[in-house]
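Trainee: dropping the sequence and predicted coords here.
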There are 4 protein chains.
Amino acid sequence: MKRIGILTSGGDAPGMNAAVRAVTKTAIHNGLGVVGIRYGFAGLVAGDFVTLTAEKVDHMISLGGTFLYSARFPEFAQEEVQKKGVEQLKKHDIDTVIVIGGDGSYHGALALTRLGINSIGLPGTIDNDIPCTDYTIGLDTACNTALEAIDKIRDTASSHHRVFIVNVMGRGCGDIAMRVGLASGADAIVVPERPYDIKEIAQTLTRGFAEGKDHGIIVLAEGVMDADEFRTELLKYGDFDARANILGHMQRGGSPTVLDRINATKMGNYAVKLLLDGKGGLAVGMENGQLETHDILDLFDDTHRSDETLLDINDEMTK
Amino acid sequence: MKRIGILTSGGDAPGMNAAVRAVTKTAIHNGLGVVGIRYGFAGLVAGDFVTLTAEKVDHMISLGGTFLYSARFPEFAQEEVQKKGVEQLKKHDIDTVIVIGGDGSYHGALALTRLGINSIGLPGTIDNDIPCTDYTIGLDTACNTALEAIDKIRDTASSHHRVFIVNVMGRGCGDIAMRVGLASGADAIVVPERPYDIKEIAQTLTRGFAEGKDHGIIVLAEGVMDADEFRTELLKYGDFDARANILGHMQRGGSPTVLDRINATKMGNYAVKLLLDGKGGLAVGMENGQLETHDILDLFDDTHRSDETLLDINDEMTK
Amino acid sequence: MKRIGILTSGGDAPGMNAAVRAVTKTAIHNGLGVVGIRYGFAGLVAGDFVTLTAEKVDHMISLGGTFLYSARFPEFAQEEVQKKGVEQLKKHDIDTVIVIGGDGSYHGALALTRLGINSIGLPGTIDNDIPCTDYTIGLDTACNTALEAIDKIRDTASSHHRVFIVNVMGRGCGDIAMRVGLASGADAIVVPERPYDIKEIAQTLTRGFAEGKDHGIIVLAEGVMDADEFRTELLKYGDFDARANILGHMQRGGSPTVLDRINATKMGNYAVKLLLDGKGGLAVGMENGQLETHDILDLFDDTHRSDETLLDINDEMTK
Amino acid sequence: MKRIGILTSGGDAPGMNAAVRAVTKTAIHNGLGVVGIRYGFAGLVAGDFVTLTAEKVDHMISLGGTFLYSARFPEFAQEEVQKKGVEQLKKHDIDTVIVIGGDGSYHGALALTRLGINSIGLPGTIDNDIPCTDYTIGLDTACNTALEAIDKIRDTASSHHRVFIVNVMGRGCGDIAMRVGLASGADAIVVPERPYDIKEIAQTLTRGFAEGKDHGIIVLAEGVMDADEFRTELLKYGDFDARANILGHMQRGGSPTVLDRINATKMGNYAVKLLLDGKGGLAVGMENGQLETHDILDLFDDTHRSDETLLDINDEMTK
């Protein structure tokens, strides 16, 4: 084993740079070279490579986004394209690859492993929608960003006795909404994982105002519906001032939190050690705070399981 | 002069609480009583009054929103309603009033003065759209909130070589957009105060990508159009990935910045002194960093003038 | 079981208010009353009680500090003083107590239980120095506050090619230092749990500068020594510009993070359920992300165990 | 005029990078080249030059510190050293220079101008201690950083009914203390510009606690004395729990605020225009929000004047 190639794929997430830094520093510590592959699998096939040094990655730990860039590249599903990628790697003496990204990127990591390039996948997405892990790099930062925004929104909600319906990210997964909802003391958390009764929510809000509450907050996962749509529906059952708010892409950026930096560092460090052990085709995850690995194949047969106790607890806080 | 009534009106803004605190503490320092009027002019007419003490307002300096609440109350345009308000004030021994709010609230302050209750208006709105002042309480906090969001959005824009069109608040006024646009290094700032050429903006962005820029940011005042609409228009003239983002109501909340707290404190302190001097019907403003007063009547004949040199400078930064 | 008394004890920590809110809301949800005991065990004995309602605790989730106040009260070690406390509780129909605080507060909770008042202890301290739990309420916020400060310090360190020795809190425990050190990419983490070689640290820094690094950061747990002292020692072995910085008490305050709010809410909710089950004399903890309970007695025989793998990983990042 | 050299000198300040960016972009807009001089006047003499492009400075607007680095270099007071610097500039076709820094850097700018290199000084320091300007680049960010820290400290002060004495930066100047003190609602602001009565401060605090205040904050300029020393003195006159806290170097770093970015951009833009007009030996300042210039010589005969009305107002808030 000589050189590790590293790329980021899919949507960017805070902590990706910290993971790249950890891979680089651990690799150097173990006498290995590291090559950054820019623009994900597209750059892999195009040979857009840049040598990474300790100095280059040193400041990266605090930066959001991915300095290696990311790009969509569905063409990598084709075996002939994958083979071109392998050629590029071999031409540059890269014999192992670490991929940081969402579930799409695991297909690429598995394909490379099957073609002889041991590859490890790290879960990098704010959405927390990857099977076999209860944490993905970026989740904690995204949740804190959303929470700070909702804390500000609460100021104006309280000043005007308003209800705000706040759309948070997560694609099909409600994990950001569950965390942010519980942490913001939301009157309702609406997620794809559990049915909801919009009439009941309207009644909870109406009762809250009657009992002296000066505002209402609903945290709505984007995977359920749009906040404007929800607002229209909600106002059929309640007579209060309600506004819709979509937090948007700022949830993807920003300097990573302590947790995201630590976990990204742990995962990057661990991935190098797996490669040193001759492993490939593995997905690194975190379960109950502990690093785990699974065959990437297992991920395809599985789905992400959310910690729905957060919803149960919130129900007790609000009903 | 015995007791000052104080109310907040219109949209809430960070620093309103700091202004109420300053009024309260200055009044107490000068041997006067202070009464908080809840829910703006609606509460004035309803007699929703609460005595303010130093202890009650002490922690307020750091809180966003308005703890006195605000409410719409167009009925206060009618003289008979105004007279009911004056009755309430007299019944509670309140002989002067300070109103913190947007331009609508100045009509109320003038009406009260004409009916014998000397009243002073303080500019409280994030929109900076009030005549005869180049600063309104809340502007600086809103701008910093928007800037922090755009800094995060830039992370994801850069990671994916994207353009983001970011809608900031300001109603008909482009001041937030100008400040935030210049401060974020936006490729274009689009405001109601100045014509723009969407084709030229698309060309600037296209040229930027060609020259190696990895993202684009357009800061768009809400008074011009919706970010989605702008995006559709923009993509007619350029071939890049563009997303629309509406920052929304978090711009109204949050703990006020140093500048907003200082200016709110200065203005609240000054307003009490004007009342002690027997003045009424005045609007407090800030021009070139100095406190000023104008007859409220003058505001109705005037319009707010923006510092458009910010746009000129940004043009030099981007073209 | 009729009414739960709740108090905070020892140093304040972000998330204590969220825990009080969770206890209050869960209790009300289960038909129980809740009484806030102000100023810790001192207030318990003095009968400084305040009824808590959903409305009163609603906004508390986002506030740092403890609105119930805390106070030192070593007198509570005496049984006669404890009995006075029990009398006060009985007089006010309080038959169970939840204590949020550091290790000192567990003695009080156990004493109350032995005197017939079932009591549960929640770990509330930023220091993470409590046995039988790998997380204490406030830890995550304190770490993020320290990290943000160090990120700022790094700006000025880099500008001047300086080394900064940053003292972080934790009393005798190095957990804050380990987390913040790894997350900030520190060149060295110095904690009470592990011996260190100051000469080697100086050499690492010297080598870093020689290889092109533009700054150095040492994260130093307060339990080891003072930053100024460390600086003097360090400069015996290296020729660079070094400054000492003590982050201080801001680490104790601030709005809690998502993680602290969620965990505080989970723990508060869980404590009420334990009381409903007739349990007492228990300490709630979190191990590998899961809620656990231990007999308070077990805590006294045990010591907190840190996750020292963080140090091992940091060694690989820096050496 | 062909090429502008730009350097940062003295302590770093947030917004320096924004100023460098503005100089670079304005220069390019006007067909001029820009050369970054690293490590201040030391780098000037050593010829440590780097060509600046729009792409290179683009992301810099949001970064704290100075990417051009700064360094002490008292040798530049000697004319022969200055001449070596001029030689280096001529060798690299640099015929004008912009210096961003504290008052020391103006001497260098004047020396260069006298030797035929037109040079302009921009006020870059958080301390606001430069004559002929009421604003220096970095002041607003430093104040907001200090304010956020004090807001956190207030949480823990309130929880324990404590007084905190908080040392803020500013060298011999009390401007940061005045601003932060007024904005944090401090019970006392102690600065070099005005005598203070420590006994009276202790009495104010004692009275505050008696009247129900739950904490005390004293903002103390570092130019007066050390917080520990002040604490010892204070406790001679009052019986309360008091702690000293030195905020330290984090005040120098961090992403600049809107105001600092805008003012830095305005000043950088303006400096290029002054050079284009053939001007040199000038200091750019800001008075009442407007850009001004003064002969650098005038600065040497003058001292900075603080806005002491902030102290007068704070007295009315607290006494």
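Mentor: Alright, I've got the coordinates. Numbers count the residues shown, from 1 in each chain, chains lettered A, B, ... in the order given.

Trainee: where exactly do the helices run in chain A?
Mentor: Secondary structure of chain A (DSSP state H): helices at A:16-29, A:40-46, A:54-58, A:79-91, A:103-114, A:139-160, A:175-184, A:198-210, A:227-234, A:258-276, A:296-300, A:309-318.

Trainee: buried set for the fifth one?
Mentor: Judged by neighbour count (16 or more other C-beta atoms under 10 Å in any protein chain shown), helix A:103-114 contains these buried residues: A:103, A:104, A:105, A:106, A:107, A:108, A:109, A:110, A:111, A:112, A:113. To be clear about C-beta, it is placed using only N, CA and C from the backbone, and glycine gets the same treatment.

Trainee: tell me the average confidence for stretch A:244-252?
Mentor: For stretch A:244-252, mean pLDDT is 97.

Trainee: would that stretch count as contacting chain B?
Mentor: Yes: applying C-beta under 8 Å from any C-beta of the partner chain, one finds stretch A:244-252 touching chain B at A:245, A:246, A:247, A:248, A:249, A:250, A:251, A:252.

Trainee: tell me how far the nearest residue to the fourth one once chain neighbours are set aside lies from residue B:160.
Mentor: Going back to what we said before, that points to residue A:248. Excluding its sequence neighbours, the residue lying closest to residue A:248 (C-beta to C-beta, 6 or more residues apart in numbering or on different chains) is residue B:245, at 4.4 Å. From residue B:245 across to residue B:160, the span is 13 Å (C-beta to C-beta, to the nearest Å).

Trainee: pLDDT score for the residue in chain A that chain D sits nearest to?
Mentor: Closest residue of chain A to chain D, C-beta to the nearest C-beta: residue A:255 (9.0 Å). Residue A:255 is assigned 98 on the pLDDT scale.

Trainee: got a list of what it touches?
Mentor: A:14, A:62, A:63, A:64, A:141, C:151 (C-beta atoms under 8 Å, 6 or more residues apart in numbering or on different chains).

Trainee: who wins on neighbours among those?
Mentor: Neighbour tally across the contacts of residue A:255 (other C-beta atoms under 10 Å in any protein chain shown): the maximum, 34 neighbours, falls on residue A:14.

Trainee: how near is the residue sitting furthest away from the middle of chain A to chain B?
Mentor: Relative to the centre of chain A, and counting by C-alpha atoms, centre = their mean, the farthest-placed residue is residue A:210 at 38.8 Å. As judged by C-beta to the nearest C-beta, to the nearest Å, residue A:210 and chain B stand 17 Å apart.

Trainee: I'd like the distance between that residue and residue D:30.
Mentor: Going from residue A:210 to residue D:30 by C-beta to C-beta gives 65 Å.

Trainee: off-centre distance for the lowest-mean-pLDDT helix or strand in chain A?
Mentor: Sorting the helices and strands of chain A by mean pLDDT, DSSP states H and E puts helix A:54-58 at the bottom, at a mean of 91. In terms of C-alpha atoms, centre = their mean, to the nearest Å, the centre of helix A:54-58 is set 24 Å apart from its chain centre.

Trainee: check which residues of it are buried.
Mentor: A:54, A:56, A:57, A:58.

Trainee: and stretch A:37-56, by the same measure?
Mentor: For stretch A:37-56, burial by neighbour count (16+ other C-beta under 10 Å) applies to A:37-46, A:48-49, A:52, A:54, A:56.

Trainee: contacting residues around the residue nearest to residue A:248?
Mentor: Contacts of residue B:245 by C-beta under 8 Å, 6+ apart are A:248, A:249, A:250, B:153, B:164, B:165, B:166, B:167, B:227.

Trainee: and those residues as CSV, adding distance to residue C:184 and neighbour count?
Mentor: Below are these laid out as CSV (distance: C-beta to C-beta, whole Å; neighbours: other C-beta atoms under 10 Å in any protein chain shown):
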residue, distance to residue C:184, neighbour count
A:248, 29, 26
A:249, 26, 24
A:250, 23, 28
B:153, 25, 27
B:164, 29, 27
B:165, 35, 26
B:166, 30, 28
B:167, 35, 27
B:227, 36, 24
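
Trainee: for residue A:172, give its distance to residue B:132.
Mentor: Going from residue A:172 to residue B:132 by C-beta to C-beta gives 52 Å.

Trainee: the more surrounded of the two?
Mentor: Taking neighbours as other C-beta under 10 Å, residue A:172 and residue B:132 compare with residue B:132 leading, 22 against 15.

Trainee: chain neighbours aside, what residue packs nearest to the more buried one?
Mentor: Excluding the flanking residues, the one nearest residue B:132 by C-beta to C-beta, 6+ apart is residue B:294, at 4.4 Å.

Trainee: quick one: residues contacting that neighbour.
Mentor: Per C-beta under 8 Å, 6+ apart, neighbours of residue B:294: B:132, B:282, B:283, B:285.

Trainee: how about the residues of chain A near chain B?
Mentor: Near chain B, when you scan chain A using C-beta under 8 Å from any C-beta, you find A:8, A:11-12, A:14, A:63-66, A:69-71, A:145, A:149-161, A:164, A:214, A:243, A:245-254.

Trainee: quick one, what contacts residue A:314?
Mentor: Taking C-beta under 8 Å, 6+ apart, we find residue A:314 in contact with A:178, A:181, A:182, A:186, A:189.

Trainee: hmm, back to that, which of the contacts of residue B:294 are buried?
Mentor: Buried by 16+ other C-beta under 10 Å: B:132, B:282, B:283, B:285, out of the contacts of residue B:294.

Trainee: pull the contacting residues for the second one.
Mentor: Taking C-beta under 8 Å, 6+ apart as the criterion, residue B:282 is in contact with B:120, B:121, B:274, B:293, B:294, B:295, B:296.

Trainee: right, and residue A:201 touches residue A:234 too?
Mentor: Yes: contact criterion C-beta atoms under 8 Å: residue A:201 and residue A:234 qualify, at 6.7 Å.

Trainee: common neighbours of the two, please.
Mentor: With C-beta under 8 Å, 6+ apart as the test, residue A:201 and residue A:234 both reach residue A:218.

Trainee: near chain C, which residues of the stretch 151-300 of chain A are found?
Mentor: A:151, A:154, A:158, A:179-180, A:182-185, A:211-213, A:255, A:257-259, A:261-262, A:265-266, A:269, A:288-290.

Trainee: please redo it, this time with the cut-off set to 6 Å
Mentor: Counting by C-beta under 6 Å from any C-beta of the partner chain, the stretch 151-300 of chain A comes close to chain C at A:151, A:179, A:182-183, A:185, A:212, A:257-258, A:261-262, A:265, A:269, A:288-289.

Trainee: which one among those residues gets closest to chain B?
Mentor: Comparing these against chain B with C-beta to the nearest C-beta places residue A:151 closest, at 7.4 Å.

Trainee: now that closest one, nearest residue through space, not along the chain?
Mentor: With C-beta to C-beta, 6+ apart as the measure, residue C:62 is the residue that lies nearest to residue A:151, at 5.2 Å, once sequence neighbours are left out.

Trainee: same deal with residue A:215?
Mentor: In space, residue A:215 is closest to residue A:157, 3.7 Å off (C-beta to C-beta, 6+ apart).

Trainee: and for residue A:61?
Mentor: Nearest residue to residue A:61, sequence neighbours excluded (C-beta to C-beta, 6+ apart): residue C:185, at 4.3 Å.

Trainee: how many residues are close by that neighbour?
Mentor: Residue C:185: 26 surrounding residues under other C-beta under 10 Å.

Trainee: go on, residue A:309?
Mentor: 13.

Trainee: from residue A:189, how far off is the residue lying closest to it once chain neighbours are set aside?
Mentor: Excluding the flanking residues, the one nearest residue A:309 by C-beta to C-beta, 6+ apart is residue C:266, at 7.8 Å. As judged by C-beta to C-beta, residue C:266 and residue A:189 stand 15 Å apart.

Trainee: go on, residue A:217?
Mentor: Applying C-beta to C-beta, the value for residue A:217 to residue A:189 is 10 Å.

Trainee: same question for residue A:230.
Mentor: With C-beta to C-beta as the criterion, residue A:230 and residue A:189 are 12 Å apart.

Trainee: quick one, which of these two is more surrounded?
Mentor: Remark: of residue A:230 and residue A:189, residue A:189 carries more neighbours, 27 against 21, as counted by other C-beta under 10 Å.
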